[in-house]
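# Next come a sequence and a model predicted from it.
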Amino acid sequence: MSNSPRRSLFSAFKRRDESRARPSDVEEGTTAGQYVIGEELGAGGMGVVYRAHDTRLDRHVALKFLPPHLMEDEEASRRLLVEARAAAGLDHPNICTIHEIGTLEDGRSFIAMAYYPGTNLTRLIAAHGTLEPEDAVGIAVQVGEGLARAHSAEIIHRDIKPANIFVVEEGPVKILDFGIAKVAGVELTEDGAALGTVAYMSPEQIRGEALDGRTDIWSLGVVLYEMCTGERPFIGADHVAMMHGILELDVPPLDAMIPGFPTGLKTVIDRCLHKDRGGRFANVVELVTALETCLTDDAGPSTTIRAPSLAEEGERKQATTGCSRPAAAR
C-alpha cells in the first residue's frame, strides 16, 4: 500500500491556502536548548506548536508548548509529559515521532517532535469539499493502523478528528496530539467534563462512561463520513444540540446523500457509528481489515485500496507548510 495521498489533493490545497499568521506568545528567535524557535504553526486549547531549527542536527522540528493560560497548571504540565511518553513509546509510522521533552529558561515545558511537510485533514477537506472514496479509505486505513498500535499499548486517543490527522505530502499519514489520551496505569485529574471534541465524541464518551478502543472507532467513523460528504454526520447550533444528535438521532444515510455511494464503504461507516459500541467493530484491526476490502465489493476483485502516491501523478509540488494552524495542536 502506498503511503501518500495523490498530488491532486495537495495541488487543490495549495491553491486555496491562505496566510493565518497571528501574534504569538513565544518570540521568534527564542532559544530552547539546541532549538531556535521560528514561526507558530498551530494553536489549540491544549497546546501551541512552533517550527524550530535543531542546531545540533541541522533539521527542522516542531515544538509543542502549553498555551499561556495553562502555564501554571500542574495537571496540564503533567498531561504534556504523559502525552510525550505515550506517543514516544509507540514508535509507529502512522504516529507522530517524539524526539524529547525539554524546558525553556522560564520553566515552560515543551515536546520536540518531527516536522512534516504536508497539511492536516481539516484543511484538505476544506480545500476539496469531499475526497474520493479511495483516498478517504487509504487515509482511514493508515489512521486505523496507528490506532491499532496505540490500543495494543492500552492507550486510547479520545480525540481523533481531522485536525489531529496529518497528511504528509510524501509519506505516511500521522496521528497527532495524544494530549487527552487515556493511558493505562496513569491517573490524571478529570473534572467530570467529558474530554474531547464534541462533534467526534462517541455516545459513551458524552455520557462520561468508561471507555475502550471502540470510542476511537466511532471517531474515525465520523472522520470517514466527513471525508466522503464534506459534512459531519451530527451537527447543531451548539454543543447541546450536537450531543443530542449523537445520542438520539440516526446518521443521515450516505446512499441518499450521494447516489451510487459504494455499498461496502457505507456498511463500514454505519458500523463504526453504531450508537451501541457492541454493534461496532470489536477492535481497530477488524475495522482496518474491513476497510481494505470495502471497495472491492462494488468494483470487483482487481480494485486496490490505498492512499495514492503523489509521485504517481507527476512532478511533486511542495505544500505550503508542514503544519497548518489547527493541525498539530488542539
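Yes, it's here. Numbering: from 1, shown residues only.
# residue boundaries of the strands in the chain?
For the chain, the strands defined by DSSP state E occupy 31-32, 35-44, 47-54, 59-65, 98-103, 109-114, 118-120, 155-156, 165-168, 174-175, 182-183.
# Which of those sits closest to residue 140?
strand 165-168 (9.2 Å; CB to CB). Yep, even glycine has a C-beta here, placed from its N, CA and C like the rest.
# Which neighbours in the sheet does that closest one have, and how are they oriented?
strand 118-120 (antiparallel), strand 174-175 (antiparallel) (DSSP bridges).
# just the helices in this structure please.
7-16, 74-88, 121-128, 133-152, 203-206, 214-229, 239-248, 254-257, 263-272, 284-293, 296-299 (DSSP state H).
# what angle separates the third one from helix 133-152?
This points to helix 121-128. 170 degrees (axes from the mean of the first three to the mean of the last three CA atoms, to 10 degrees).
# so what's residue 55 up against?
34-36 (CB atoms under 8 Å, 6 or more residues apart in numbering).
# change it to 10 Å
31, 33-36 (CB atoms under 10 Å, 6 or more residues apart in numbering).
# Now that we have those, which of them are buried?
Among the contacts of residue 55, those classed as buried by 16 or more other CB atoms under 10 Å are 33, 35.
# nearest to residue 204, of the contacts of residue 55?
residue 35 (40.0 Å).
# List the contacts of that closest one.
50-56, 60-61, 63, 99-100, 102, 104, 110, 112.
# same thing but 7 Å
Counting by CB atoms under 7 Å, 6 or more residues apart in numbering, residue 35 touches 52-54, 61, 63, 112.
# Those residues: which two are farthest apart?
Top of the distance list for these (CB to CB): 53 and 112, 11.5 Å.
# quick revisit: of the strands of the chain, which is nearest residue 224?
strand 165-168 (11.0 Å).
# coming back round to it: and the contacts of residue 55 as a markdown table, adding pLDDT and distance to residue 131?
Output for those, formatted as a markdown table (pLDDT from 0 to 100; distance: CB to CB, whole Å):
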| residue | pLDDT | distance to residue 131 |
| --- | --- | --- |
| 31 | 91 | 41 |
| 33 | 90 | 39 |
| 34 | 94 | 39 |
| 35 | 96 | 35 |
| 36 | 96 | 37 |
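# Make TSV out of the contacts of residue 55 and add distance to residue 168.
TSV is the format used below for the contacts of residue 55 (distance: CB to CB, whole Å):
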residue	distance to residue 168
31	28
33	26
34	24
35	21
36	24
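# wait, which of the contacts of residue 55 is closest to residue 133?
Out of the contacts of residue 55, the member with the shortest distance to residue 133 (by CB to CB) is residue 35, at 40.9 Å.
# Look up how far residue 54 lies from the closest one.
6 Å (CB to CB, to the nearest Å).
# anything in contact with each of these two?
Joint contacts of residue 35 and residue 54 (CB under 7 Å, 6+ apart) are residue 61.
# shaky segments in the stretch 201-330 of the chain?
Applying pLDDT under 70 to the stretch 201-330 of the chain flags the ranges 297-330.
# Kindly report the same for the stretch 51-200 of the chain.
Residues of the stretch 51-200 of the chain that meet the cut-off, pLDDT under 70, sit at 187-194.
# what about 50?
192 (pLDDT under 50).
# who's more crowded, residue 53 and residue 112?
residue 112 (22 against 16; other CB atoms under 10 Å).
# Skipping its backbone neighbours, what lies nearest the more buried one in space?
Spatially, and ignoring its direct neighbours in sequence, residue 112 is nearest to residue 99 (4.2 Å; CB to CB, 6 or more residues apart in numbering).
# right, and that neighbour touches residue 111 too?
No - checked against CB atoms under 7 Å, the pair residue 99 and residue 111 is beyond contact range at 8.2 Å.
# still on that earlier bit, point out the most buried one among the helices of the chain.
helix 214-229 (a mean of 25; mean count of other CB atoms under 10 Å).
# Residue 29: what's it in contact with?
36-37.
# one more time with 10 Å
36-38.
# and which of the residues you listed is nearest residue 25?
Of the contacts of residue 29, the one sitting nearest to residue 25 (CB to CB) turns out to be residue 37, at 11.1 Å.
# Just confirm residue 245 contacts residue 238, I think it does.
No - here residue 245 does not reach residue 238: they are 11.3 Å apart, not a contact under CB atoms under 10 Å.
# Between residue 99 and residue 111, which has more neighbouring residues?
Set side by side, residue 99 and residue 111 show more neighbours around residue 111, with 27 against 18, by other CB under 10 Å.
# Compute the first-to-last residue distance for stretch 227-247.
22 Å (CA to CA, to the nearest Å).
# With stretch 69-78 instead?
15 Å.
# returning to what we had before: of all the strands of the chain, which one is nearest residue 257?
That would be strand 165-168 among these, by CB to CB, at 22.2 Å.
# can I get the CA coordinates of that closest one in CSV?
This file holds the C-alpha atoms of strand 165-168, laid out as CSV (Å, rounded to 0.1, in the frame of the first residue of the first chain):
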residue,chain,number,x,y,z
ILE,A,165,-4.7,13.7,11.4
PHE,A,166,-1.7,15.0,9.4
VAL,A,167,-1.4,14.0,5.8
VAL,A,168,2.3,14.1,4.9
